[in-house]
Structure formats: structure tokens, C-alpha cells
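**Student:** kindly generate the corresponding structure for this input.
(chains A and B)
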Amino acid sequence: MTALAALTPTELRLLVRDWTVLVFAFVFPPLVMLVLAGVFGTHATVGFGWRNPQHYYVAASVGVPVLALALVGLPVTLAAYRERGVLRRFEAFGVSPATVIATQAIVAAGLILVGVGTVLVVAAPTYGIPHVTHPVQAALGLAASTLTLLLLGIAVGLAAPSARAAQAIGLIAFFPLYLLGGGGPPNGAMTGAMHSISNALPSPIPAIADPWLGLPGLGVQLAVFAAWAALALVAIWWLVRRAAHQS
Amino acid sequence: MCKCRPALSVAGMQNTAIEVHDLKKSYDGRPVLRGVSFSVRAGEIFGIAGRNGAGKTTTAEILQGLRSRDGGRVDVLGFDPGPERRRLRPLLGAQLQTSALPERLRVGEALRLFARLAPARSDWRQFADAWRLGPLLDTPFGNLSGGQRQRLFVALAMINRPRALFLDELTQGLDPVARRDAWQLIEQARDHGTTVVLVTHDMEEAERLCDRVAVLHDGRLVACARPVELASSTGTVRLRFSSPAAAGLAGLGSVPGVTAVGYDGTTADVTVEPVAVVRVATELARRDLAPSDFTVIRPSLEEALVPLMNGDPR
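**Tutor:** Take a look at the predicted model:
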């Protein structure tokens, strides 16, 4: 049995036992969706790009589990493993840190899909699931944002000196990407400067919600993701080299 | 530079499991190993002793491929733990000084997981029983006591039936019963042919378990020998016996090999070179003194090693 195959079910069980991760990944997104979609109702306005606000918040909330698990759940676990010597324990047994990190990324990706499913399951009987205008593009937006944010999450997990620091960095990254990504006020309601910042951030919310609701712009968003993913890969490479140099 | 080579057996043949030559390592320009050389023969329990910061753990971790080295040559079971660590690791077991498992991982899950990760099929239940972990199988790692954690770590270190086992502060946190159980299991592993490298502060443990002990001081090997040889390296033993009067001891100091004579009013305390023990006994007999409590006190390994650990070259 490969190390990846042996570790994945164990890591999954461990993450499922962490109620804070479960709340943040599976309770927070549908709760926010229920509240915001209920507050703004169904009246389309210019701020929402003439889209039904309820539809908008259902589609937008699908990106929240990506942010929660990739930017908070994954880095905290990884930094805790580094801080407490768990990576070293596995390394001494012949399981490389890269394998452990890959396992955690796979588990986080799996839980992201469960989180997305949870949002949709809660939306279906309440506000309904809006029609997906461009399903392939929406899926591409989900995949690209998940991959990019997982890479950023790994970089944070490798850089943070402790699990607490990783949690702080993750939350500091989470809220701008959530709010400026359009998870709170929609992108169309933002001022010019905030709008520009929003467009440069790797938020999964517009990457999923825009093609879902028929708005263009995924090409630019994919370019933004590619740039951030490249940045994350360089950071990971540098951090791994630094750790090897220190050993 | 002190070098440490295993003594040849009667047959004149010994399989060397680990060969270290002129090992050097620095952290941020601060040297922690300054040319350490030693050999460990297959099936031996080899102790590495020294004060905190002497370079013990760094040495053990370099041998396992967990740390890089700055210089020197290392061969562990035929592999260089630097470039060949992937091929070497499946042959090693390790209980590290500072490491942990995920807090929520249960003992049974940890044993199952590491048994699955082992290159050869391994029955984890056997290790659970041997290390008295059976009642703890459903306990999360975070809820284990220090001693229970140590037992789990050692069980995990042995679960792949390694050819070489590295144990760093093995019995730290273990109660006396668990400590003696651990010693017994380590001896069993050695009896099955496993080479054991034991990093320890515990001189009783080193004396009881180790075939040979290397002593590091400030990144240098200052001694390496069998515990009994190290213990006798102080060059003196003490003789204690009851004596009714100081007068009976007069002139004892002039017996060749006697270095000091003390008397507290009831008991004589004579420090002598080992060869002078018989001379002193003979002299006492000549004086018609035959104390029934005549005792030869050899220095313990700890007494012998403390000066070495403090850098006293003797």
C-alpha cells in the first residue's frame, strides 16, 4: 500500500474529528448563504449586475468552503504538524513531508466538495438552486480556485511558525478574499479602488458565481489564479529549500 | 581525535553496521560536531552519551538521514544516509527525542497506520501487546501520559522490524516498571540481530543495556568503550571496612598503589589503584585485621563519565 493511500483515510478521519474545521467549512457557508440571500430577497439591482440576489448568494456561497478549508483548515493542520514534530515522526518512518502535505491537500479538496454539496443541499429546499448557465466554466472556476488556494494554504502552513500563527494568517487572508470577492457586498456595489483590488485577488466566489449566473470574465480570473498559483509554488519551493538548509 | 572501533571477536570478524568517519556539522556557523568517528557492529547496543548540546541527537539524526552533514563519511547498513536515505529508511526504526503524532489519532489507528506504511507485512497487535498498549487502543494520542506516549513511539519504531533502531532518550518519562520492560524489549530486539543506537542521559540505562558507549563533549568523541572499561577508567577504587581505631590504619598510606586513607571514627575509606586491592587486604591480614565488611567499591559509569562529559580528558 502506498503511503498516500494509507495516510488519506487516516487524515480524513482526523479532520472530521476537528469540530472547529467542520463548523467553519460546513456550517458557516450555508448559514451565511441563508442570511444574505434572505436579506436581499429576489429583486435584481445594478449592484448585483441585474441578477437575482438570492441566486447570487447561493452561487457565491459555493466558494466559501474553498476559502475556509484551503486558507484556514489546511494551513493550521500543516503548521501544527510542523510545530509538534508530526512531519518529522512520519519522515523518520520513510514517509516524506511531501507525501503528508499531498495527503492533506487531497483530504481538503475532498472536504471542499462535501462543503459545496452542503451549501447546495441547504439551498435546494430554501431558495432553490439557480440554473447553471455555463456549467463547464463554473466547474473550471471551482477547480482552478481550489488548486490555487490549496497551494497558497500549503505556503502559509510551511511559512507560519506555529499553528496559531497559521490560523491568524489564514483568517487575515480569508476575510478580504471573502468580502472583496463578493461574498458580502456584490462586486458591482464596490467602489472603483475596491473593485480593482477585488479583480486582482484569487477569490473563488466570482470564479464560480459569474459563469454560473451567465456573466463573462472567467478568462481574466483564470489568469489571476495562474499568477497566484505561480507565486505560491515559488514560495513553497523557497520554504522547502530553507527547511532543508536548516536541517 | 578519539576514534572508536569495535573490538574484534575471537574469530577476528565483526560485521560493521554503522561506520562514521570525521563527521562534521554546524548550525549557523556554530560547530556542533567537530570530526566524530566511530563504528557500530551489527547486533550491538551502542550508546551515545554526553551533556545537553554535546551533539548526541544531531549525530543520531544524521545517521538516520534526518539531518544533512557538513563533512565526513557515514555508512549505515551499506547506505549513505544523505543521498541514499530513501533506500535506507525502510531498514531503520526511530524513536525521536522531539516528535509527536496528531492529537486526535488513536493508539490503535497509529499502530495500524504505521504497520500499513511498513515495507513488510507486520502484525500491529503483537506490538500493542508487547508494549502494553492493548487497553489504550481507543485513546487519542493527545490524552496519553508521557510514559504511554514513549511506549507507543518505541512500538512504532519497531513495527517495521528494523535492522537498525535509533532510540533517543528512550526511557524519558517512563515509570520504573515500564523502564525495565523497555530495557527487556530492547535487549530482545538486539538478540534478534537488530543493531541499536541508544542516545541517553541515563547512565544506569547505558550501563545495563549498552555493549559500548561513546561519550561526546562539545562535538568531539572523548571516549568510547565498554561500560565496564569506562567505569574503571577513573583509575581508582575505594575500599571500605570497619576499623576499631585509627591506629590500626597507620602506615597503610605507604602501601604501593594507595592514594588516600580516610577514617571517620568507625569506618576506613581507602582509595587505591585496582592492583592495590589485594595488597591492602594482605596488609590488613598481616596486622591481624580481618574486617567482615571489607568492601570494594568500583566507581559507577556515571561517576566515570561525568568528568568526561565536562571535558576532563584525564
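
**Student:** any weak-confidence spans in chain A?
**Tutor:** Along chain A, segments meeting pLDDT under 70 span A:1.

**Student:** contact residues of it facing chain B?
**Tutor:** A:1, A:3, A:6-7, A:10, A:13-14, A:17-18, A:81, A:84-86, A:88-89, A:91-95, A:244, A:247 (Cβ under 8 Å from any Cβ of the partner chain). Every residue, glycine included, has its C-beta placed from N, CA and C.

**Student:** from the residues you listed, which ones fall inside helices?
**Tutor:** Residues from the residues of chain A next to chain B lying in helices, with DSSP state H as the criterion: A:3, A:6-7, A:10, A:13-14, A:81, A:84, A:86, A:88-89, A:91-92, A:244.

**Student:** are any of those residues buried, and which?
**Tutor:** A:Ala3, A:Ala6, A:Leu7, A:Thr10, A:Leu14, A:Tyr81, A:Arg84, A:Val86, A:Arg88, A:Arg89, A:Glu91, A:Ala92 (16 or more other Cβ atoms under 10 Å in any protein chain shown).

**Student:** I'd like those residues as a markdown table, with distance to A:Asn187 appended.
**Tutor:** Listed next are these as a markdown table, based on distance: Cβ to Cβ, whole Å:
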| residue | distance to A:Asn187 |
| --- | --- |
| A:Ala3 | 43 |
| A:Ala6 | 44 |
| A:Leu7 | 39 |
| A:Thr10 | 40 |
| A:Leu14 | 37 |
| A:Tyr81 | 36 |
| A:Arg84 | 40 |
| A:Val86 | 40 |
| A:Arg88 | 44 |
| A:Arg89 | 45 |
| A:Glu91 | 44 |
| A:Ala92 | 49 |
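
**Student:** ok, now how distant is whichever residue of the stretch 201-314 of chain B sits closest to chain A from B:Arg30?
**Tutor:** Residue nearest to chain A within the stretch 201-314 of chain B: B:Gly219 (17.3 Å; Cβ to the nearest Cβ). Applying Cβ to Cβ, to the nearest Å, the value for B:Gly219 to B:Arg30 is 9 Å.

**Student:** got it, and A:Ala98?
**Tutor:** Following Cβ to Cβ, the distance that separates A:Ala98 from B:Arg30 is 29 Å.

**Student:** looking at the two, which one has more neighbours?
**Tutor:** Between A:Ala98 and B:Arg30, counted using other Cβ atoms under 10 Å in any protein chain shown, A:Ala98 has the larger neighbour count: 12 against 8.

**Student:** what comes up buried for stretch A:92-105?
**Tutor:** Buried residues in stretch A:92-105, counted by 16+ other Cβ under 10 Å: A:Ala92, A:Phe93, A:Gly94, A:Val95, A:Pro97, A:Thr99, A:Val100, A:Ile101, A:Ala102, A:Thr103, A:Gln104, A:Ala105.

**Student:** so the first one touches B:Pro90, yeah?
**Tutor:** No - A:Ala92 is beyond contact range of B:Pro90, at 11.6 Å (criterion: Cβ atoms under 8 Å).

**Student:** let's see stretch B:297-309 as CSV, backbone CA atoms only.
**Tutor:** C-alpha atoms of stretch B:297-309 as CSV (Å, rounded to 0.1, in the frame of the first residue of the first chain):
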residue,chain,number,x,y,z
ILE,B,297,33.5,-0.1,45.6
ARG,B,298,34.1,0.4,41.9
PRO,B,299,33.1,3.7,40.5
SER,B,300,29.7,3.8,38.7
LEU,B,301,29.6,4.6,35.0
GLU,B,302,28.1,7.9,36.0
GLU,B,303,31.0,8.7,38.3
ALA,B,304,33.4,7.8,35.5
LEU,B,305,31.6,9.7,32.7
VAL,B,306,30.8,13.0,34.5
PRO,B,307,34.3,14.3,34.2
LEU,B,308,34.5,13.2,30.6
MET,B,309,31.2,14.9,29.9
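
**Student:** mind jotting down where the helices sit in the chain?
**Tutor:** By default, I'm working from chain A. With DSSP H as the criterion, chain A has helices at A:3-16, A:19-22, A:28-40, A:53-61, A:64-67, A:74-84, A:86-92, A:97-126, A:135-159, A:163-178, A:192-200, A:204-212, A:218-246.

**Student:** hmm, no, I was thinking of chain B.
**Tutor:** B:56-63, B:85-88, B:107-117, B:124-130, B:146-158, B:176-191, B:203-209, B:227-231, B:277-286, B:301-309.

**Student:** most tightly packed of these?
**Tutor:** Of all the helices of chain B, helix B:56-63 carries the top mean neighbour count, a mean of 24, counting by mean count of other Cβ atoms under 10 Å in any protein chain shown.

**Student:** which non-adjacent residue is nearest residue 100?
**Tutor:** Assuming you mean chain A. Nearest non-adjacent residue to A:Val100, counting by Cβ to Cβ, 6 or more residues apart in numbering or on different chains: A:Phe90, 5.4 Å away.

**Student:** you answered for a different chain; I wanted chain B.
**Tutor:** B:Ala100 sits nearest to A:Arg84 (Cβ to Cβ, 6+ apart), 4.2 Å away.

**Student:** who in the stretch 51-200 of chain B is up against chain A?
**Tutor:** Contact residues, the stretch 51-200 of chain B versus chain A (Cβ under 8 Å from any Cβ): B:64, B:66-68, B:86, B:89-90, B:92, B:94, B:96, B:98-102, B:104-105, B:109, B:113-114, B:116-117, B:119, B:156, B:160.

**Student:** drop anything exposed from these.
**Tutor:** B:64, B:66-67, B:89-90, B:92, B:94, B:96, B:99-102, B:104-105, B:109, B:113-114, B:116-117, B:156, B:160.

**Student:** out of these, list just those in strands.
**Tutor:** Using DSSP state E, B:Leu92, B:Ala94 are the members of these that sit in strands.

**Student:** low pLDDT regions in chain B?
**Tutor:** Checking chain B against pLDDT under 70 turns up B:1-14, B:311-314.

**Student:** circling back: measure the residue nearest to B:Ala100 to A:Thr77 for me?
**Tutor:** Computed as Cβ to Cβ, the A:Arg84 to A:Thr77 distance reads 11 Å.

**Student:** same question for B:Gly173.
**Tutor:** Per Cβ to Cβ, B:Gly173 is found 26 Å from A:Thr77.

**Student:** now A:Ala209
**Tutor:** 28 Å.

**Student:** once you drop chain neighbours, what's closest to A:Ala232?
**Tutor:** Leaving aside its sequence neighbours, A:Ala232 sits nearest to A:Leu151 (Cβ to Cβ, 6+ apart; 3.7 Å).

**Student:** circling back to that earlier point, out of A:Ala209 and A:Thr77, which sits in the more crowded spot?
**Tutor:** Counted by other Cβ under 10 Å, A:Ala209 and A:Thr77 do not tie: A:Ala209 has more neighbours, with 30 against 26.

**Student:** could you pull up the residues touching A:Gly117?
**Tutor:** Listed by Cβ atoms under 8 Å, 6 or more residues apart in numbering or on different chains, the contact set of A:Gly117 is empty.

**Student:** need the contact list for the residue lying closest to B:Thr139 once chain neighbours are set aside.
**Tutor:** Excluding the flanking residues, the one nearest B:Thr139 by Cβ to Cβ, 6+ apart is B:Val107, at 5.4 Å. Taking Cβ under 8 Å, 6+ apart as the criterion, B:Val107 is in contact with B:Ala128, B:Leu133, B:Leu136, B:Leu137, B:Asp138, B:Thr139, B:Phe141, B:Leu144, B:Leu152.

**Student:** so what touches stretch B:172-191?
**Tutor:** So stretch B:172-191 is contacted by B:43-45, B:130-132, B:145-147, B:149-151, B:154, B:158, B:165, B:167, B:170-171, B:196, B:198, B:205, B:208-209 (Cβ under 8 Å, 6+ apart).

**Student:** just the C-alphas of it, formatted as PDB.
**Tutor:** Extracted as PDB, the C-alpha positions of stretch B:172-191 are listed here (Å, rounded to 0.1, in the frame of the first residue of the first chain):
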ATOM      1  CA  GLN B 172      12.400   9.500  29.500                       C
ATOM      2  CA  GLY B 173       9.000   9.700  31.300                       C
ATOM      3  CA  LEU B 174       8.700   6.000  31.900                       C
ATOM      4  CA  ASP B 175       7.900   4.700  35.300                       C
ATOM      5  CA  PRO B 176      10.500   2.200  36.800                       C
ATOM      6  CA  VAL B 177       8.400  -0.800  35.800                       C
ATOM      7  CA  ALA B 178       7.900   0.400  32.200                       C
ATOM      8  CA  ARG B 179      11.600   1.400  32.100                       C
ATOM      9  CA  ARG B 180      12.700  -2.100  32.900                       C
ATOM     10  CA  ASP B 181      10.100  -3.600  30.400                       C
ATOM     11  CA  ALA B 182      11.600  -1.300  27.800                       C
ATOM     12  CA  TRP B 183      15.100  -2.400  28.500                       C
ATOM     13  CA  GLN B 184      14.000  -6.000  28.200                       C
ATOM     14  CA  LEU B 185      12.300  -5.400  24.800                       C
ATOM     15  CA  ILE B 186      15.400  -3.600  23.500                       C
ATOM     16  CA  GLU B 187      17.600  -6.500  24.600                       C
ATOM     17  CA  GLN B 188      15.200  -8.800  22.800                       C
ATOM     18  CA  ALA B 189      15.500  -6.700  19.700                       C
ATOM     19  CA  ARG B 190      19.300  -6.900  19.900                       C
ATOM     20  CA  ASP B 191      19.000 -10.700  20.500                       C
END
